[in-house]
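Chemist: I would like to see how this sequence folds:
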Amino acid sequence: MGKITTHRIKHEGVWIAIYLEDHGFASNLGLIIYKSKRAQNDWYKRRRNRRARRAAAKHNAADLRCWAACARLISRVLDSHSGYVYAYPDFADRKPLAKYLTRWGFKFSDGFWVRT
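Modeler: Now for the predicted structure:
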């Protein structure tokens, strides 16, 4: 595991967290919107507990304004980060995330989203 950098903001009762884990050749981008920081950390570290499972499930906590705040935060993080970034969604049905990733210059290939 590489060094993990976490960027968080609170938006209307939910936390928006962006994880960048440096692996040397590229950084892994993780994004989660949930109500507790502890559950977000458990989700990113792939712990097998109830908090992580609930955080990974779909919730209606993220409205359009929450996605806009998330987009601003990711734009700031990607502008300040130099180097390659990749992301791989846990589920294929995360259409809003895929739409935003294409806007930020990510390309889809072999199950991964890569930004050079």
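
Chemist: Going by neighbour count, which residues of the strand or helix carrying residue 4 are buried?
Modeler: Assigned by DSSP states H and E, residue 4 falls within strand 3-11. Neighbour-count burial for strand 3-11, counted by 16 or more other Cβ atoms under 10 Å, picks out residue 11. (Each C-beta comes from the backbone N, C-alpha and C, glycine too.)

Chemist: on contacts alone, who are the packing partners of it?
Modeler: strand 14-22, helix 64-80 (3 or more Cβ pairs under 8 Å, 6 or more residues apart in numbering; DSSP states H and E).

Chemist: quick one, that strand and helix 64-80 angle?
Modeler: 150 degrees (axes from the mean of the first three to the mean of the last three Cα atoms, to 10 degrees).

Chemist: Partner strands of strand 3-11 and their direction?
Modeler: strand 14-22 (antiparallel) (DSSP bridges).
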